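Colleague: Pasting the sequence and the predicted coordinates here, then a few questions.
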Amino acid sequence: MDLKKIEFSVGTQCRSAVKLVLLDGMSVPWATTADSYQGQGVLTWKLPGLQLTQEAVGDKGAISLCMVLSAPCTSIEEFCMGPSCRHSIFNTPESCCPGEMSG
């Protein structure tokens, strides 16, 4: 499977908390989308346009993701609203993969 983008559900107060993102040591851009769900504000934090081929993803076996966070969300627990991050990983046709929790 290739890797088109990754999305995380995060606290709405964390919109400006991310200062730097490294994917396998390379700086990558990010974006956010604010919405509401059942009357509550929700924020989706995204790594769009990754466009990593299946070979690039599969050959490595693992890809590291490093985020530099600042106030008001200085820890991953604050950023993800708990001990685990709810995330979704998408391939190019966006037919895969379901949301999961990671911690």
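Modeller: Nice, thanks for sending it over.

Colleague: buried stuff in the helix or strand harbouring residue 59?
Modeller: Using DSSP states H and E, the element containing residue 59 is helix 54-60. The neighbour-count check on helix 54-60 (16 or more other CB atoms under 10 Å) flags residue 57 as buried. To be clear about C-beta, it is placed using only N, CA and C from the backbone, and glycine gets the same treatment.

Colleague: mind listing the helices for this structure?
Modeller: According to DSSP state H, the chain carries its helices in the segments 54-60, 76-80.

Colleague: Where among these is average confidence lowest?
Modeller: Note on the helices of the chain: lowest mean pLDDT is at helix 54-60, with a mean of 75.

Colleague: List of residues touching that one?
Modeller: 1-3, 24, 63 (CB atoms under 8 Å, 6 or more residues apart in numbering).

Colleague: got a pLDDT number for residue 100?
Modeller: Value listed for residue 100 in the pLDDT field: 55.

Colleague: low-scoring stretches of the protein, by residue?
Modeller: 60-61, 98-103 (pLDDT under 70).
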